[in-house]
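**Student:** How does the following fold in three dimensions:
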Amino acid sequence: MNIRLHLYCYLIFLLSPFLLISQEAYDAATNNSFLKNYRQGEDAFNEKSFKKAEKAFLEAIQLKPDYAATYRRLGVVYEVQHLYTEAAALYDQCIELSPNLSRTIYFQSGEMHLKTGNYTKAYERFKAYESYSNLAAASFSDGERELDTDVYYQSLLPKYLQDSQFALAATAFDSVNMQNLGPNINSDVDDCFPYLANDESWMFYTRMGRRRSVDENLLYSAAINGTWTKGKRLGEVINSEVNEGMGKATRDERLMYFPACNRADILGVCDIFMAGMEQGKILDVQGLVGGVNSDKWDSQPSINCDGQALYFVSDRPGGIGGTDIWRSFKLDDGTWGNAINLGPTINTPDDEESPFIADDGVTLYFASNGHPGYGDQDIFFSRRRADGSWGKPQNLGQPINSPTRELSFFMNAKGNKGYIASNREGGFGGLDIYEFQLPKRKDFEEIAYVKGTVKNAETGVGIQTKVAINGKGYYETDEEGRFFICYPTLSKLPVSIDEKTYYPYRKNLALTEWNEEGYAEVNILLQPLNDAAALVSNTKAVKITPKKEEISVAPTEIQFDERESRQLYTTSDIYFYFDQYKLTKEAQFNLDRLIQDIDPSQLALIVIEGYADNIGADDYNQKLSEKRAGEVATYFKSKGLAKLKVTFKGYGETRTSLINSKNRRVDIVVYYKM
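**Tutor:** Numbers count the residues shown, from 1 in each chain. Next up is the predicted model:
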């Protein structure tokens, strides 16, 4: 049955004489005028004459102000008219006068407070109803007669508790001030889909034409002394007489992705294009090759921080509703893989649109009119879990969302400002772009923008190669040796490069000095192989016969002069489970890969450093870190490396500021002879 119909049928039942005027009530109600008004209220309600019912119940309350049930009946009259504030006050008055009259009145009160935004009171009432569910129905005057309603409310309770809990957690947004960006940006038509430069010195956004189906364009505005200049068309490189807009760029601001529609050179109604950029200027435009574009409507792209994943909206076959959000990954050859629907957790039978993937690569913001919200269309966010699935979308709440339409969420590079488009009251007409402060979320990982270069250590010339980042795949450098990546700030960047005519490069690059005002710069110098013999030894895997016997090792420190050697590379991708020191299969794989890269004839020393998290006693963690380092040393020696070329030591929970899961590790430094 339709929920609204079910509710109304219940409210009719609630006001029936059999339920509400029990024999006890009739015995107590000696005033004939009270009974007359009470019955008139019931009859009027059943006839949907709500004003007459309201008048009758108000007169009954004046005659017997201490009779709790009448307040509840009048509350129902207000509830069916969507006068939730009035209904909440009357239900509360009923509870105050007679706490044991009804168990379901606590749920009704909670629901009204939820609808009026009093989330604290709503949660309190729902928890009371939950606790009273353990009592016998006979504990309440109307308990036996409300058993069916109890079953229905119990089915709704988990969602209502969740909604009130979420609303309480989102109260940080209650103080948000929604600031309209003003007439230089907004107009009497739709203005939406903002994109701001990392330093917030300029903005792209979309303006719809007066005929909505045509002439949608990208506009540009600069921030001068804190004021946005009048938005102007970007020019003919992107804009034409038909629709273009909704541009999003990678965080290095070198590539922008945007849709173009109704052109002769596209596959469907709209296709997604890529444009080269330099200091906010458009250099060239080309269509995407691969599985992104189809013969349907493909639009509203959002590129992830470093350009490896593209989220977009499409109405292609295989979706769940009207328009769905899809994702495609960039392949090693620069083309795009087949588009994948994000599934029913994100997409609904209605419309989802305007995705924005945050810098952490796991937090997705989007607009939907299919998920529960405040009105026409709301902004939601969801977090991608470690197994690739998406968490339940959460509504950003009011005042970011409103009873009107909201879409095209954007977050600035610092993560402290958000932008949306909304057609709420007080704007200039159509959709307007608004700005608001975002509260700091402790569960969001800070991301550094890393601009890297790979060069020949002897000539300084850039090298076109592939840079492997542990856990993130490969990044190709351009003709100048440049690459760009987004990576957590409190981590070390595990870089490995295997280029045929150079020594292999393995190093963990610290990003702790990065600040949100700019980029972390990483300059990698590859050492060329000096002769043909070295080239041969580099391009072939070193064949080492493992020893079968177990090798016993103890913490060692070898006197070693770094001036007589050179540090070739480091690695810290050897991780352990909590309270464990045995090597995982993944750790063994990473060690085998490292061993293959080592030239035993050039090896000076391998330094192994073990660590532990800060859970437990210091002396226990010290011993655990030594066992982890010793386990790696044992593995190296079992592979036949010279006895005195491996040294290890445990450092317990010291010398680190990483999260616990990153502290259960071993760092390895490899030194070669000069």
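
**Student:** show me the contacts for residue 391.
**Tutor:** 345, 382, 383, 384, 385 (C-beta atoms under 8 Å, 6 or more residues apart in numbering). Placement of C-beta: from N, CA and C, glycine included.

**Student:** Over to residue 113?
**Tutor:** 88, 119, 121, 122, 125.

**Student:** in which helix or strand would I find it?
**Tutor:** helix 104-115 (DSSP states H and E).

**Student:** Any idea how far that helix is from the middle of the chain?
**Tutor:** A distance of 31 Å separates the centroid of the chain from that of helix 104-115, by C-alpha atoms, centre = their mean, to the nearest Å.

**Student:** any idea of the mean pLDDT in it?
**Tutor:** Across helix 104-115, the average pLDDT comes to 90.

**Student:** Check which element follows that helix along the chain.
**Tutor:** helix 119-132.

**Student:** now the angle between helix 104-115 and that following helix, please.
**Tutor:** 160 degrees (axes from the mean of the first three to the mean of the last three C-alpha atoms, to 10 degrees).

**Student:** Buried residues, helix 119-132. List them.
**Tutor:** For helix 119-132, the buried set under the neighbour-count rule, 16 or more other C-beta atoms under 10 Å, comprises 119, 121, 122, 123, 124, 125, 126, 128, 129, 130, 132.

**Student:** Same list, the contacts of residue 113, but as a markdown table with pLDDT and distance to residue 466 please.
**Tutor:** Output for the contacts of residue 113, formatted as a markdown table (pLDDT from 0 to 100; distance: C-beta to C-beta, whole Å):
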| residue | pLDDT | distance to residue 466 |
| --- | --- | --- |
| 88 | 94 | 62 |
| 119 | 77 | 51 |
| 121 | 91 | 58 |
| 122 | 88 | 55 |
| 125 | 93 | 59 |
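
**Student:** Which member of the residues you listed is positioned nearest residue 312?
**Tutor:** Residue 312 lies nearest to residue 119 out of the contacts of residue 113, by C-beta to C-beta, at 34.7 Å.

**Student:** what's the distance between the closest one and residue 398?
**Tutor:** Distance of residue 119 to residue 398, given as C-beta to C-beta, to the nearest Å: 11 Å.

**Student:** cool, residue 92 as well?
**Tutor:** 23 Å.

**Student:** check contacts around the residue positioned nearest the centre of the chain.
**Tutor:** In the chain, the C-alpha nearest the mean C-alpha coordinate belongs to residue 363, at 1.6 Å (C-alpha atoms, centre = their mean). By C-beta under 8 Å, 6+ apart, the contact set of residue 363 is 357, 381, 382, 383, 384, 444.

**Student:** try 6 Å
**Tutor:** By C-beta atoms under 6 Å, 6 or more residues apart in numbering, the residues touching residue 363 are residue 383.

**Student:** what's the span of stretch 344-356, first residue to last?
**Tutor:** 18 Å (C-alpha to C-alpha, to the nearest Å).

**Student:** In that stretch, which residues are buried?
**Tutor:** 346, 347, 348, 351, 352, 353, 354, 355, 356.

**Student:** for those, which one is nearest residue 306?
**Tutor:** With C-beta to C-beta as the yardstick, the closest approach to residue 306 among those comes from residue 356, at 15.4 Å.

**Student:** Touching, that closest one and residue 409? I think so.
**Tutor:** Yes: judged on C-beta atoms under 6 Å, residue 356 makes contact with residue 409 at a distance of 5.0 Å.

**Student:** Overlap of the contact sets of these two?
**Tutor:** residue 365.

**Student:** quick revisit: find the pair from the contacts of residue 113 with maximum spatial separation.
**Tutor:** 88 and 119 (12.4 Å).

**Student:** Touching stretch 273-286 from outside, list them.
**Tutor:** Residues contacting stretch 273-286 (C-beta under 6 Å, 6+ apart): 202, 237, 238, 253, 254, 255, 256, 257, 258, 260, 287, 288.

**Student:** Go again with 8 Å.
**Tutor:** 197, 202, 220, 234-235, 237-238, 247, 249, 253-260, 287-288.

**Student:** Report how many residues lie close to residue 609.
**Tutor:** Residue 609 has 21 neighbouring residues, counting by other C-beta atoms under 10 Å.

**Student:** My guess is residue 288 contacts residue 272. True?
**Tutor:** Yes: at 5.5 Å, residue 288 and residue 272 qualify as touching, with contact defined as C-beta atoms under 8 Å.

**Student:** Would you map the helices across this protein?
**Tutor:** 3-14, 17-20, 23-28, 32-46, 50-63, 68-80, 84-97, 104-115, 119-132, 147-169, 532-539, 585-597, 618-638, 660-663 (DSSP state H).

**Student:** In the fifth one, which residues are buried?
**Tutor:** By neighbour count, and taking 16+ other C-beta under 10 Å as the criterion, the buried residues in helix 50-63 are 50, 52, 53, 54, 55, 56, 57, 59, 60, 61, 63.

**Student:** Could I get the average pLDDT for it?
**Tutor:** 94.

**Student:** Isn't residue 626 up against residue 632?
**Tutor:** No: using C-beta under 8 Å, residue 626 is not in contact with residue 632; the gap is 11.1 Å.

**Student:** Measure how far stretch 585-603 is from the centre of its chain, please.
**Tutor:** On C-alpha atoms, centre = their mean, the centre of stretch 585-603 falls 37 Å from that of its chain.

**Student:** Now do the same contact list for the residue nearest to residue 369 when sequence neighbours are not counted.
**Tutor:** With C-beta to C-beta, 6 or more residues apart in numbering as the criterion, residue 369 has its nearest non-adjacent residue at 4.4 Å, and that residue is residue 377. By C-beta under 8 Å, 6+ apart, the residues touching residue 377 are 351, 367, 368, 369, 405, 406, 407.

**Student:** Now render those as a markdown table, adding pLDDT and distance to residue 149.
**Tutor:** Converted to a markdown table, those look like this (pLDDT from 0 to 100; distance: C-beta to C-beta, whole Å):
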| residue | pLDDT | distance to residue 149 |
| --- | --- | --- |
| 351 | 93 | 35 |
| 367 | 96 | 36 |
| 368 | 93 | 31 |
| 369 | 85 | 31 |
| 405 | 87 | 36 |
| 406 | 93 | 35 |
| 407 | 93 | 39 |
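
**Student:** wait, which of the residues you listed is closest to residue 193?
**Tutor:** Taking those together and measuring to residue 193 by C-beta to C-beta, the closest member is residue 407, at 8.2 Å.

**Student:** From residue 65, how far out is the closest one?
**Tutor:** Applying C-beta to C-beta to residue 407 and residue 65 gives a distance of 50 Å.
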